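J.: fold the stuff below for me.
(one chain, ligands or ions: 1)
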Amino acid sequence: MTSPTAPMTSTGAAISSALAPCPCDSGKPFNRCCGPFLKGTATPRTAKQLMRSRYSAFAIGGYGDYLYASWHPANVGTVMVGDLNVAEVPWTGLTILDDEQKGDRGRVEFKARYLDENGVEHFHHEHSAFLRVNGKWLYLEGKVREA
Ligand SMILES: [Zn+2]
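T.: Predicted coordinates for the structure are as follows:
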């Protein structure tokens, strides 16, 4: 496994103010929603909170370390922190369709919206599975559905 040597991109470029709405579409300000998770001052208590914060990390960019650390080590594979830092796709919104938590297992179904190179909006529809290990929620795997 390669160590995270890639330089961080400018963190939070899309968030001009801590009071700006959170990218995860919760309706809450970033600093009272996913912000504390991404900054490491709080830990998600539910699989859904982790899912939202991972979406925000992808949407904002620069949070590769967070995405890597919240990915189950058995499945992170060859994913690199540097790649996770890059907000590759312009994500425009998140809708949680369903979520369920039983003990240390969690499931979240969501649709994330993004724009293609022509500015046309598309959906990424996924069923994500999460596992709580030593009190910390981790992203286990995702199954992408046809939108
Ligand atoms: Zn949020």
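J.: enumerate the residues of the chain near the ion.
T.: Residues of the chain found near the ion (Cβ under 5 Å from the ion) are 22, 24, 26, 33-34, 52. For the C-beta atoms, the positions are set from N, CA and C on the backbone; glycine is no exception.
J.: mind listing which of those residues are in helices?
T.: Arg52 (DSSP state H).
J.: by neighbours, which of the residues of the chain next to the ion wins?
T.: Cys34 (29 neighbours; other Cβ atoms under 10 Å).
J.: tell me the centre residue of this protein?
T.: The centroid of the chain falls nearest to Arg54 when counting by Cα atoms, centre = their mean (1.2 Å).
J.: dump the residue contacts of that one.
T.: 66-67, 70, 139 (Cβ atoms under 8 Å, 6 or more residues apart in numbering).
J.: Trp137 now?
T.: By Cβ under 8 Å, 6+ apart, Trp137 lies in contact with 44, 46-47, 49-50, 70, 106, 130-131.
J.: in the protein, which helix or strand is least confident?
T.: Within the chain, no helix or strand scores below helix 81-85, which has a mean of 92 by mean pLDDT, DSSP states H and E.
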